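Visitor: next come a sequence and a model predicted from it.
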Amino acid sequence: MARRIYDGEIKVQWVPGLDGIDDPNSPTLAEIATGTDITEFLQSLDTPLDGEAVPSMDLSSAYRKTVAGPFGGEITSVMYREDAVLDDIAFPLFPRNTTGNFVIRRFGGSTVAFAAGNKVEVWPVRVITRSPLAAESGTVQGFTANFAGLDDPDLDSTVAAS
């Protein structure tokens, strides 16, 4: 069994608009192709699925029973800026209130094209904020984007042929 790091393995596509993917369980190659590959701009992407236990105690027992409650969290990314306007592809994609879907393939190579049958995740989101990273000596310019998750992410999608 081999374990892998994300570097060189993950591929992330930003597909604009909530209608950019008709069926999040089975995004098509054509739908994914309408998006922008942002993998080379990403320093990090955090897609938390923290959950809560909600109390459901009753008088039949002294045990503090719980039920599964809400889950999720604030989705965040840190991305690089480019010095030439035409090359600064990621920054203009994420103004406040922009909606879209992250399509994430965690294995298969960051430079390998999406293909029918790939296992991916689809995260429908809205941009909350986009802010420059702190200006510090010896650091590459970048920005942080924070996202609201608009619906349950589909974590077990399979890419369909167009």
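Guide: On my side now, so go ahead.
Visitor: contacts only, for Trp14.
Guide: Counting by Cβ atoms under 8 Å, 6 or more residues apart in numbering, Trp14 makes contact with Gly35, Thr36, Ile38, Leu93, Gly100, Asn101, Phe102, Val103. Bear in mind the C-beta positions are built from the backbone N, C-alpha and C, glycine included.
Visitor: among these, which are located in strands?
Guide: The members of the contacts of Trp14 that map onto strands under DSSP state E are Thr36, Gly100, Asn101, Phe102, Val103.
Visitor: what's the longest strand in this structure?
Guide: Determined from DSSP E, the single longest strand within the chain is strand 119-132.
Visitor: returning to that earlier point: would CSV of the ones in strands among the contacts of Trp14 with distance to Gln141 be doable?
Guide: Shown next, in CSV, are these (distance: Cβ to Cβ, whole Å):
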residue, distance to Gln141
Thr36, 19
Gly100, 23
Asn101, 26
Phe102, 22
Val103, 26
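Visitor: from those, which is closest to Ala116?
Guide: The shortest gap between Ala116 and any of those belongs to Val103, at 13.6 Å (Cβ to Cβ).
Visitor: shouldn't the closest one be in contact with Ile10?
Guide: No. At 11.3 Å, Val103 and Ile10 do not qualify as touching, with contact defined as Cβ atoms under 8 Å.
Visitor: picking up where we left off before, I'd like the ones in strands among the contacts of Trp14 as CSV, with distance to Ser26, neighbour count and pLDDT appended.
Guide: Shown next, in CSV, are these (distance: Cβ to Cβ, whole Å; neighbours: other Cβ atoms under 10 Å; pLDDT from 0 to 100):
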residue, distance to Ser26, neighbour count, pLDDT
Thr36, 21, 15, 97
Gly100, 18, 25, 98
Asn101, 13, 28, 98
Phe102, 16, 22, 97
Val103, 12, 27, 98
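Visitor: excluding chain neighbours, what is closest to the most centrally placed residue in the chain?
Guide: By Cα atoms, centre = their mean, the mean C-alpha position of the chain lies nearest to Phe102, the distance being 4.4 Å. Excluding the flanking residues, the one nearest Phe102 by Cβ to Cβ, 6 or more residues apart in numbering is Trp123, at 4.2 Å.
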